[in-house]
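> this one's sequence-less:
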């Protein structure tokens, strides 16, 4: 009989975390490496959000300047 998710001693095999981080989730079961990986991923996501915010702000500013009353 093959053990699918257990090692030879019957202890559960820890599977790498493949799910994205959920805000507010329990962090107790994560290793230091997993925490570092999630921190890096979240920092990259913050940079991506800030870039999008800056692009949208620039677009809104350009539209406001174009449609400003009294401009040719």
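Perfect, I can see it now. If you're wondering where the values come from, they're calculated on a predicted model, not measured in any experiment.

> Quick one: residues contacting residue 41.
Neighbour list for residue 41: 20, 21 [criterion: C-beta atoms under 8 Å, 6 or more residues apart in numbering]. Backbone N, C-alpha and C define where each C-beta goes, glycine included.

> Now do the contacts for the residue nearest in space to the middle of the chain.
Central residue of the chain (C-alpha atoms, centre = their mean): residue 42, 4.3 Å from the mean position. Counting by C-beta under 8 Å, 6+ apart, residue 42 makes contact with residue 21.

> So for it, what's the pLDDT?
Per-residue confidence (pLDDT) for residue 42: 96.

> Now do the same for it: helix, strand or coil?
helix (DSSP: H, G, I helix; E, B strand; the rest coil).

> What's the separation between it and residue 61?
The spacing between residue 42 and residue 61, counted by C-beta to C-beta, to the nearest Å, is 28 Å.

> for residue 23, same thing?
Per C-beta to C-beta, residue 23 is found 30 Å from residue 61.

> who has more neighbours, these two?
Using other C-beta atoms under 10 Å, the more surrounded residue of residue 23 and residue 61 is residue 61, with 10 against 5.

> wait, is the more buried one part of a helix?
Yes: per three-state DSSP, residue 61 lies within a helix segment.

> For it, list the residues it contacts.
Listed by C-beta under 8 Å, 6+ apart, the contact set of residue 61 is empty.

> Next, residue 32: phi, psi?
Main-chain dihedrals, residue 32, degrees, to the nearest 10: phi -60, psi -40.

> for this protein, what are the low-confidence residue spans?
Residues of the chain meeting the criterion pLDDT under 70: 1-19, 71-72.

> Which parts of it are strands?
Ranges of strands within the chain: none, based on DSSP state E.

> in it, which spans are helices?
Counting by DSSP state H, the chain has helices at residues 32-66.
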